[in-house]
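1. Sequence first, then the predicted structure:
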Amino acid sequence: MMPGSRTGTEYVFRSRETSTAGVTIGGRVPAWYFRQDCSSQAGSPLHGCGVCHTARSIQTKDTVAGAPVVGLPDHIGGKTMIGEAVGVLGGGNTAFAVAAKLALEGHRVRLWEHPSQASAVSAITSSRQIRLTGVGGEGSATLECVSTEAADVLHDATLLLAPVPSYAQGAFLDAISAHLLPKHVLAFLPGNSGTLAAAHRFRGAGRTPSPLLIESDTAPYVCRKLGPDHVHIFGVVPAMGVGALPASRSDEAVALLAPLFPGVVAYPHALAAALGAMNP
């Protein structure tokens, strides 16, 4: 079943041109990707997340889709995410966009890239800075850590966001599996059945219990790296669908991701999210 906000939606494409650093960027992007409330300047609210430095005056609601969030660990929920490091795995377009946007919103962000792709992050390893432009925000984001050593990120971050292509998921799992603990939450953005593959690996290795696995049906942003330390967000997905494995932890998955990606909606389980992927 598709999330209710997507059912029956006609995805209309429109031309959009944006100028950044003197370069005009053109292309046809789905109109529904663009959220007017996501562009921000200093002092303007980005969204209603309690951990966003630019939205201090907005109270965070402890609800998911209108229902109270109950029985969740202390580190889950908008107001209690303050101080928790978020791990971002990868060094591509979406990984840079996620890391930069969350850092500008006040999150502690630790970025890890697979050693075989170290060149993707070499320009920011020392400075730890990514320039963000576009509708997702404007500014120079400073990350807490940029590394190709998995331990540098996984030892201090419980929530791990993995916006990596499907063909790279196996290599990423091999590289981080020794550091994954049951406390971790691993979210593939998007998944394309990555949660199922991960669960199969963990089960085969006798990893019980395994980390909470989450996958989305799409990446959270339409974005592109315009340079080795510069990423541009053309659009923000207004209703990213997510599914959890095990399905019994779906509410927990939504509660974890909602402060980071406002508008996130739940699938009944991870398989439904995989089958609902719009760009498999």
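-> In hand now; what should we look at?

2. okay, and for this structure, where does confidence drop off?
-> Applying pLDDT under 70 to the chain flags residues 1-83, 279-280.

3. Okay, helices next: where are they in it?
-> 93-104, 150-154, 166-176, 194-204, 250-257, 270-275 (DSSP state H).

4. Quote the end-to-end distance of stretch 249-267.
-> End-to-end distance of stretch 249-267 (CA to CA, to the nearest Å): 11 Å.

5. my bad, should have said stretch 151-166
-> First-to-last residue span, stretch 151-166, CA to CA: 23 Å.

6. for stretch 126-138, same thing?
-> End-to-end distance for stretch 126-138, by CA to CA: 21 Å.

7. Name the residues of it that are buried.
-> 128, 129, 130, 131, 132, 133, 134, 135, 136, 137, 138 (16 or more other CB atoms under 10 Å). All C-beta spots, glycine's among them, are computed from the backbone N, C-alpha and C.

8. what about residue 145, neighbour count?
-> By other CB atoms under 10 Å, 18 other residues sit near residue 145.

9. cool, and residue 216?
-> Neighbours of residue 216 (other CB under 10 Å): 30.

10. which one of the helices of the chain is the most hemmed in?
-> helix 93-104 (a mean of 27; mean count of other CB atoms under 10 Å).

11. Adding distance to residue 241, write the buried residues of stretch 126-138 out as CSV.
-> Below are the buried residues of stretch 126-138 laid out as CSV (distance: CB to CB, whole Å):
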residue, distance to residue 241
128, 32
129, 32
130, 27
131, 30
132, 25
133, 27
134, 23
135, 21
136, 19
137, 23
138, 28
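
12. For residue 216, which of the helices of the chain is the nearest?
-> Each of the helices of the chain has some distance to residue 216 by CB to CB; the shortest is helix 270-275, at 6.4 Å.

13. For the buried residues of stretch 126-138, name the two members farthest from one another.
-> Across the buried residues of stretch 126-138, the longest distance by CB to CB is 23.9 Å; it joins 128 and 135.

14. Apart from its neighbours in sequence, what residue is nearest residue 154?
-> Excluding the flanking residues, the one nearest residue 154 by CB to CB, 6 or more residues apart in numbering is residue 179, at 4.0 Å.

15. what residues are up against the one you found?
-> Residue 179 makes contacts with 150, 151, 154, 155, as judged by CB atoms under 8 Å, 6 or more residues apart in numbering.

16. Can you say which of the helices of the chain is nearest to residue 212?
-> helix 250-257 (6.8 Å).

17. other SSEs contacting the closest one?
-> If you count contacts as 3 or more CB pairs under 8 Å, 6 or more residues apart in numbering; DSSP states H and E, helix 250-257 packs onto strand 63-64, strand 185-188, strand 212-216, strand 241-245, strand 265-266.

18. now the angle from it to strand 241-245?
-> When axes from the mean of the first three to the mean of the last three CA atoms, to 10 degrees is applied, the directions of helix 250-257 and strand 241-245 differ by 120 degrees.

19. Residue 154 contacts residue 172, doesn't it?
-> No: in this structure residue 154 lies outside contact range of residue 172 using CB atoms under 8 Å: 11.6 Å.

20. List the residues that contact the nearest residue to residue 136 once chain neighbours are set aside.
-> For residue 136, ignoring the flanking residues on the chain, the nearest one in space by CB to CB, 6+ apart is residue 233 at 3.3 Å. Residue 233 makes contacts with 97, 101, 132, 133, 134, 135, 136, 137, 221, 222, 223, as judged by CB under 8 Å, 6+ apart.

21. Make JSON lines from the residues you listed and add distance to residue 90 to it.
-> Below are those laid out as JSON lines (distance: CB to CB, whole Å):
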{"residue": "97", "distance to residue 90": "11"}
{"residue": "101", "distance to residue 90": "14"}
{"residue": "132", "distance to residue 90": "16"}
{"residue": "133", "distance to residue 90": "20"}
{"residue": "134", "distance to residue 90": "19"}
{"residue": "135", "distance to residue 90": "21"}
{"residue": "136", "distance to residue 90": "17"}
{"residue": "137", "distance to residue 90": "19"}
{"residue": "221", "distance to residue 90": "13"}
{"residue": "222", "distance to residue 90": "17"}
{"residue": "223", "distance to residue 90": "12"}
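
22. Residue 249: neighbour count?
-> Neighbours of residue 249 (other CB under 10 Å): 17.

23. er, residue 209 I mean
-> 10.

24. again, but for the one 10 residues further on
-> Neighbourhood size, residue 219 [other CB under 10 Å]: 19.
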